[in-house]
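Colleague: give me a model of this one.
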Amino acid sequence: MSARRWRLGAAGACLASLLFAACGSGVNSGGSAGSTGSTGTGGGSSGSSGQSAATTAYQPQHAGGTLRLLWSGAGGTLDPQVNYTLEYWQLYQATYDGLLAFQKTTGQASFNVVPDLATSMPTVTNGGKTYTFTLRKGIKFSNGQPVTLTDVVDSFTRLFKVANPNAGTWYNVIVGANACLKTPATCTLKGGVVTNAATNQVTFNLTQPDPDFEDQLAVPFGSILPASAPTKPGGSNTPIPGTGPYYFASYNPNTQLVMKRNPYFKVWSVAAEPQGYPNEIVTTFGQTVENEVTAVENGQADWMGDPPPPDRLTELSTKYAKQVHVNTLTADWYVAFNTRLAPFNNLKARQAFNWAVNRTATVKLFGGPELGVPACTILPPGFPGYTPFCFYTKPAGSTWKGPDLSLAKKLVQESGTAGMKVALVAQNDTVDYNEGQYLVSVLNAIGYKATLKPLSQNIQFTYIQNTNNHVQISLSQWYQDYPQASDFLQVLLSCANFHPGSDSSINIAGY
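Modeller: Model prediction:
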């Protein structure tokens with residue numbers, strides 16, 4: 001999700017240094033206040049087309065109470081068409097809906113795309129270039145306004161007006177999108193999104209077939225919002241009404257985010273948007289990760305979203321084993337080089353860092369081999385299109401063997417960048433901070449004068465994207481949006497996703 005981010009390590013390109021592919025570890029109290037159901041996406045996961053059985057029947061005996069969540073920092077703007085973090089994409093599953101959704105269930109079925117605000121999967125014609133949906137009737141936003149065809153059209157023109165991070169790589173396939181990219185303020189998508197009031201249908205006309213289009217409609221960026229939603233680029237902390245079982249009642253990124261039941265919500269599809277269990281969901285910000293673990297252990301909170309610090313893992317896996325849940329994620333932790341700033345505008349400098357980093361050490365700092373594995377390619381293990389291969393290890397082969405510090409030092413000298421000052425930007429939670437400290441030690445070991453610049457996760461991801469901040473190198477993560485290689489390659493490496501001076505420039509390397 002995505003938070004969210006990436007890596008690459010081919011000899012010629014070397015835009016970043018991939019550290020490891022991570023499993024997700026969550027700690028919860030096992031309390032009676034249940035969640036709204038598992039999330040198919042999460043700044044992060046999603047699925048393939050198709051539809052399968054509905055989720056487990058609702059269990060009213062678990063309803064009520066307050067679900068208490070903990071994050072060390074907020075996730076930035078609340079705007080679902082701008083925010084690209086794993087932290088809030090999880091919450092959007094219960095607050096916003098698109099025409100399509102990923103099925104709210106567990107396992108492989110959570111990759112299924114199912115109808116949400118649409119009555120059924122689209123009718124696809126014109127050689128895969130035309131998608132026609134029928135909008136459900138009788139659905140209201142959390143402010144009581146009915147969902148209309150106008151809201152659908154305006155939600156997609158809004159993607160361009162608010163500078164959506166993927167407007168130029170996903171939604172640019174819609175007819176009229178190129179004009180919207182040039183002049184966002186006057187975006188209409190004329191001919192691209194067409195409505196028929198008599199049939200309550202909306203039709204998307206594409207410039208070319210796009211096999212990922214249904215996946216891209218099912219993520220939070222495809223949320224249908226009121227036509228009155230503000231169109232200020234960069235998003236806002238003011239909650240926007242949604243259609244899910246909960247709505248954002250209040251938000252202070254320094255302290256707390258409160259979600260309450262949407263009084264206008266009625267289940268129209270258990271697979272797409274099941275009924276929620278708690279009456280209220282409260283996310284608290286600002287505690288240390290150590291304190292988060294203790295709070296969950298003591299029953300003072302129900303769930304923590306940050307990676308548990310390694311020094312607590314033994315305790316958690318023994319004394320509190322029943323409260324720990326580990327799920328495999330298609331995710332990478334990586335270091336992004338700014339290829340437009342010294343020293344990493346030099347290929348040999350980038351290669352040197354790749355040779356020097358001990359990926360096994362980064363896995364250990366994350367929590368060990370049960371929570372992550374060394375990774376060498378932009379696609380994580382088990383992902384469609386993944387081929388096991390490591391270049392920056394000796395001998396090169398299908399698996400990671402170890403670093404080559406001598407070669408790394410030699411490359412730094414040859415690059416002419418030895419002795420340069422380097423500031424590495426990372427989040428300030430315990431795990432990210434420790435990883436950042438290690439990476440700074442690597443930079444210093446191969447000939448740089450490096451320091452760590454830790455930032456709150458509330459601002460770190462947007463900060464490292466904006467070229468005005470002159471970030472040379474940064475530590476981040478990338479969680480899949482949907483299970484296709486294009487979600488890593490197109491989103492993270494395309495020219496269309498490099499926007500100088502913008503907080504929504506996902507091609508952080510400037511490749």
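Colleague: where does residue 36 land on pLDDT?
Modeller: Looking at residue 36, its pLDDT is 35.
Colleague: go on, residue 382?
Modeller: 78.
Colleague: so what does it look like in phi/psi?
Modeller: For residue 382, the backbone dihedrals are phi 90, psi 0 (criterion: degrees, to the nearest 10).
Colleague: what's the local residue count around it?
Modeller: Using other CB atoms under 10 Å, residue 382 has 10 neighbouring residues. Quick note: C-beta positions are derived from backbone N, CA and C, even for glycine.
Colleague: any weak-confidence spans in the chain?
Modeller: Within the chain, the segments meeting pLDDT under 70 span 1-15, 20-56.
Colleague: hmm, try it at 80
Modeller: Along the chain, segments meeting pLDDT under 80 span 1-56, 107, 327-329, 382.
Colleague: what residues are up against the nearest residue to residue 164 once chain neighbours are set aside?
Modeller: Spatial nearest neighbour of residue 164, excluding adjacent residues (CB to CB, 6 or more residues apart in numbering): residue 81 at 5.4 Å. The contact partners of residue 81, by CB atoms under 8 Å, 6 or more residues apart in numbering, come to 155, 158, 159, 162, 164, 220, 221, 223, 225, 235.
Colleague: CSV for these, including distance to residue 333, secondary structure and neighbour count?
Modeller: CSV is the format used below for those (distance: CB to CB, whole Å; DSSP: H, G, I helix; E, B strand; the rest coil; neighbours: other CB atoms under 10 Å):
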residue, distance to residue 333, secondary structure, neighbour count
155, 33, helix, 23
158, 32, helix, 23
159, 28, helix, 26
162, 28, coil, 23
164, 25, coil, 24
220, 22, helix, 27
221, 23, helix, 26
223, 28, coil, 27
225, 32, coil, 23
235, 25, coil, 22
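Colleague: pick out whichever of these sits closest to residue 85.
Modeller: residue 220 (10.2 Å; CB to CB).
Colleague: from residue 208, how far off is that closest one?
Modeller: From residue 220 across to residue 208, the span is 25 Å (CB to CB, to the nearest Å).
Colleague: pretty sure the residue nearest to residue 164 belongs to a strand, no?
Modeller: No - secondary structure assignment places residue 81 outside any strand; it is coil (DSSP: H, G, I helix; E, B strand; the rest coil).
Colleague: that one and residue 225, how far apart?
Modeller: From residue 81 to residue 225 the distance is 7 Å (CB to CB).
Colleague: what do these two both touch?
Modeller: Here residue 81 and residue 225 have 155, 158 as joint contacts, going by CB under 8 Å, 6+ apart.
Colleague: which positions within the host helix or strand of residue 450 qualify as buried?
Modeller: Element membership for residue 450 (DSSP states H and E) is strand 449-455. Neighbour-count burial for strand 449-455, counted by 16 or more other CB atoms under 10 Å, picks out 450, 452, 453, 454, 455.
Colleague: nearest to residue 125 among these?
Modeller: residue 455 (48.1 Å).
Colleague: quick check: bridge partners of that closest one?
Modeller: residue 427 (DSSP bridges).
Colleague: put together JSON lines for the contacts of residue 81, with distance to residue 421 on each row.
Modeller: Formatted as JSON lines, the contacts of residue 81 follow (distance: CB to CB, whole Å):
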{"residue": "155", "distance to residue 421": "45"}
{"residue": "158", "distance to residue 421": "42"}
{"residue": "159", "distance to residue 421": "39"}
{"residue": "162", "distance to residue 421": "36"}
{"residue": "164", "distance to residue 421": "35"}
{"residue": "220", "distance to residue 421": "38"}
{"residue": "221", "distance to residue 421": "37"}
{"residue": "223", "distance to residue 421": "42"}
{"residue": "225", "distance to residue 421": "44"}
{"residue": "235", "distance to residue 421": "33"}
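Colleague: out of these, who's nearest residue 352?
Modeller: Distances from residue 352 to the contacts of residue 81, taken by CB to CB, are shortest for residue 164, at 35.8 Å.
Colleague: thought residue 221 was touching the closest one, still the case?
Modeller: Yes - the pair residue 164 / residue 221 is scored as a contact, 5.9 Å apart, by CB atoms under 8 Å.
Colleague: what's the overlap in contacts for these two?
Modeller: 81, 171.
Colleague: residues in contact with stretch 145-153: which ones?
Modeller: 99, 117, 135-136, 138-141, 189, 193, 195, 197, 200-202, 224-227, 241, 243.
Colleague: no further questions, thank you.
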